[in-house]
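> Curious how this folds, go ahead:
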Amino acid sequence: MNRTNICKNIVQSIKDYITDQVKLEPHRVEKHFVRRRKLSLLQVIIYLFFSSKASMFQNLSQIREELGTLSFPDVSKQALSKARQFINPSLFKELYYLSVDLFYSQIPSRKLWQGYHLFAVDGSRIELPNSKSTFDFFGEMSSYPDPNRRYTMGLASIIYDVLDD
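Numbers count the residues shown, from 1 in each chain. So this is what the prediction gives:
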């Protein structure tokens with residue numbers, strides 16, 4: 001199977017997953033997305049996937065224009081920003097594993113370098129948003145020369161399969 005078809009299968013599998021309410025249920029923060037509101041859990045997820053580095057207003061406009069069948073409601077930027085806080089990050093971890101498992105199960109053979117799988121790893125520090133919940137969960141730090149400035153740092157890393165992209 002060629003890579004284009006593999007990617008199509010991955011996108012279709014992700015689409016099937018996020019449109020299945022039973023599969024989404026464990027990734028909904030308790031007591032949220034329960035009542036009928038303007039924004040559904042699916043709409044918030046699609047916004048997160050579809051948005052770019054453009055402004056929130058531009059991203060919303062583009063979604064309404066290009067995904068008209070979604071009927072994305074007219075909501076404030078604050079409502080969208082708040083709604084996305086109630087999606088459990090486990091959803092994105094699950095979708096990542098789904099895509100990786102599908103990719104490796106469908107490629108005909110893994111490429112090797114001198115008999116080895118070749119991976120590259122990179123990491124970075126990220127300053128997390130300042131909020132009470134972030135400070136409670138991750139702790140807080142202060143900076144020099146201004147000890148009154150409080151912040152929280154996170155570590156991120158990625159591993160990349162160099163030969164199989």
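> For stretch 99-117, buried residues please.
Buried positions in stretch 99-117, judged by neighbour count with 16 or more other C-beta atoms under 10 Å: S99, L102, F103. Placement of C-beta: from N, CA and C, glycine included.
> Output these as CSV; include the columns secondary structure, pLDDT and distance to G115.
Converted to CSV, the buried residues of stretch 99-117 look like this (DSSP: H, G, I helix; E, B strand; the rest coil; pLDDT from 0 to 100; distance: C-beta to C-beta, whole Å):
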residue, secondary structure, pLDDT, distance to G115
S99, helix, 92, 27
L102, helix, 92, 26
F103, helix, 90, 21
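> now the helices: where do they sit in the protein?
Remark: helices assigned in the chain by DSSP state H are 3-18, 21-24, 41-50, 56-66, 77-83, 90-106, 132-138.
> what bits of this protein have low per-residue confidence?
Applying pLDDT under 70 to the chain flags residues 29-37.
> which strand is the longest one in the chain?
Longest strand in the chain, counting residues (DSSP state E): strand 150-161.
> other SSEs contacting it?
With contacts defined as 3 or more C-beta pairs under 8 Å, 6 or more residues apart in numbering; DSSP states H and E, the secondary structure elements packing on strand 150-161 are strand 119-128, helix 132-138, strand 141-142.
> Could you rerun that using 10 Å?
Applying 3 or more C-beta pairs under 10 Å, 6 or more residues apart in numbering; DSSP states H and E, one finds that strand 150-161 makes contact with helix 90-106, strand 119-128, helix 132-138, strand 141-142.
> looking at the helices of the chain, which is buried most?
Looking across the helices of the chain with neighbours counted as mean count of other C-beta atoms under 10 Å, the highest average goes to helix 41-50: a mean of 18.
> got the CA positions of it in PDB?
Written as PDB, here are the backbone C-alpha positions of helix 41-50 (Å, rounded to 0.1, in the frame of the first residue of the first chain):
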ATOM      1  CA  LEU A  41     -17.300  18.300  21.800                       C
ATOM      2  CA  LEU A  42     -16.900  17.300  18.100                       C
ATOM      3  CA  GLN A  43     -16.900  21.000  17.000                       C
ATOM      4  CA  VAL A  44     -14.200  21.900  19.500                       C
ATOM      5  CA  ILE A  45     -12.000  19.000  18.400                       C
ATOM      6  CA  ILE A  46     -12.500  19.900  14.800                       C
ATOM      7  CA  TYR A  47     -11.500  23.500  15.600                       C
ATOM      8  CA  LEU A  48      -8.400  22.300  17.300                       C
ATOM      9  CA  PHE A  49      -7.400  20.200  14.300                       C
ATOM     10  CA  PHE A  50      -8.300  22.800  11.700                       C
END
